[in-house]
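Q: Can you look at this prediction? I've put the sequence above it.
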Amino acid sequence: MRLFDTHAHIDLPRFGSPEEQRLAANRASSAGIAAILIPGVEPATWPRVAAVAESLSAKTPGVRFHTAFGVHPFALSDLPASEDRALASRLAEALERRGNAEFAGSAAITRAPVAIGECGLDFARTRDAATRARQLAVLDVHIAASRRTGLPLLVHCVKAHGALLDRLLAAPTPPAVLHAFSGSAEVAAALCRAGHYIAFAGAVTNPRARKPKEAAAAVPADRLLLETDAPDQTPFARRPARNEPAFIVDTARAIADLRGVTLADLAEQTTANACRVLRVELPD
Ligand SMILES: [Zn+2]
């Protein structure tokens, strides 16, 4: 069985020390996780994300570590709005590494970002019109970069699915990954019809969670992805431990049960989906 954790913030200091990162990568390898995508959440963290992916790839040959660069809506409160205009060029510069990697041998392949994000909208924590407008403007920078480079977006979206759909459906956009999906089955269906992918995290393991389970049961098989969102969103049975990629097995099993398929089949399907949307290959 091979699983792909499409969203794990292993680089965050609150995930753990470099030694703890390495031990978690070993546990992931033992649990059948073949690849992990680490998204950067603001420009200051992008070099750290790349360094952690590179270091863990060298120490844990059984697991491929990939990167994505973006600006999370929660990070905006720490960033001066005056820098928003420079964001497009900073993002373009960070994504350039992809082009260079083609010539730098296989070790550089995992360093080249495979997606743009984490970016998105979170209207649950703010009713302020200016804050929401800023989130939308910064998301637009990411969408423009995705259309320009062809790289998929990694999108965080909470209580803003209408605004997100308006944007993603307004013009052709490369496939986006809706991370830790919290919307309805209907919104998931509309996104999938437009070519996007839906990733589910530990919420589906909560016996009382109705909405994510309905969505996880309904998403077309070829659009379904798995993630942990580590160190957050620990699967129900593992709480109160901090989340880590090895725990993705709980989420995979919960979704396999919801869909009436075997864990092995769900793993194969979701890993193939992740490789397709992120355009990465796993060793045989
Ligand atoms: Zn995240």
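A: It's in.

Q: Residue 153 reaches residue 115, doesn't it?
A: Yes - using CB atoms under 8 Å, residue 153 is in contact with residue 115, at 6.8 Å. For the C-beta atoms, the positions are set from N, CA and C on the backbone; glycine is no exception.

Q: Find the residues that touch each one of the two.
A: residue 177 (CB atoms under 8 Å, 6 or more residues apart in numbering).

Q: Give me the sheet partners of the longest strand seen in the chain and which way each runs.
A: Using DSSP state E, we find that the single longest strand of the chain is strand 113-122. Using DSSP bridges, the strands paired with strand 113-122 in its sheet are strand 64-69 (parallel), strand 153-158 (parallel).

Q: Redo those strands as JSON lines? Include mean neighbour count and distance to residue 76.
A: What follows is these, written out as JSON lines (neighbours: other CB atoms under 10 Å; distance: least, CB to CB, whole Å):
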{"stretch": "strand 64-69", "mean neighbour count": "26", "distance to residue 76": "15"}
{"stretch": "strand 153-158", "mean neighbour count": "26", "distance to residue 76": "12"}
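
Q: where does stretch 173-188 sit relative to the chain's centre, distance-wise?
A: A distance of 11 Å separates the centroid of the chain from that of stretch 173-188, by CA atoms, centre = their mean, to the nearest Å.

Q: Of all the residues in that stretch, which ones are buried?
A: 173-183, 185, 187-188 (16 or more other CB atoms under 10 Å).

Q: Can you name the two of the residues you listed that sit furthest apart?
A: 174 and 185 (23.7 Å; CB to CB).

Q: What confidence value was assigned to residue 104?
A: At residue 104, the model reports a pLDDT of 44.

Q: Enumerate every residue touching the residue positioned nearest the centre of the chain.
A: By CA atoms, centre = their mean, the chain has its centre lying nearest to residue 7, at 3.6 Å. Shown in contact with residue 7 (CB under 8 Å, 6+ apart): 37, 39, 118, 154, 177, 179, 180, 199, 201, 227, 228, 229.

Q: Residue 20: which of these is nearest?
A: Here the nearest of those to residue 20, counting by CB to CB, is residue 228; it sits at 15.2 Å.

Q: hang on, the closest one packs against residue 5?
A: Yes - using CB under 8 Å, residue 228 is in contact with residue 5, at 5.3 Å.

Q: Find the residues that touch each one of these two.
A: Counting by CB under 8 Å, 6+ apart, the residues touching both residue 228 and residue 5 are 245, 248.

Q: circling back: what's the following helix or strand after the longest strand of the chain?
A: Using DSSP states H and E, the helix or strand that directly follows strand 113-122 along the chain is helix 129-149.

Q: Who are the packing partners of that following helix?
A: With contacts taken as 3 or more CB pairs under 8 Å, 6 or more residues apart in numbering; DSSP states H and E, helix 129-149 sits against helix 87-95, strand 113-122, strand 153-158, helix 161-170.

Q: Give me the contact list for the first one.
A: So the one you mean is helix 87-95. So helix 87-95 is contacted by 43, 46, 69-71, 113, 116, 138, 141-142, 144-145, 148-149, 151 (CB under 8 Å, 6+ apart).

Q: Give me the buried entries from the residues you listed.
A: For the contacts of helix 87-95, buried by 16+ other CB under 10 Å: 43, 46, 69-71, 113, 116, 138, 141-142, 145, 149, 151.

Q: closest to residue 277 among the residues you listed?
A: Set against residue 277, the nearest of the buried ones among the contacts of helix 87-95 by CB to CB is residue 151 (10.3 Å).

Q: what's next to stretch 176-190, contact-wise?
A: Contacts of stretch 176-190 (CB under 8 Å, 6+ apart): 6-7, 39, 115, 117-118, 120, 146, 152-158, 161, 165, 168-169, 191, 196-201, 203, 211-212, 214-215, 217-219, 225, 227, 229, 233, 277.

Q: Select only the buried ones of the residues you listed in PyMOL?
A: Buried members of these, defined by 16+ other CB under 10 Å, are picked up in PyMOL with:
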select buried, resi 6+7+39+115+117+118+120+146+152+153+154+155+156+157+161+165+168+191+196+197+198+199+200+201+203+212+215+218+219+225+227+229+233+277
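
Q: What ranges in the stretch 51-200 of the chain fall below the confidence cut-off?
A: 97-111 (pLDDT under 70).
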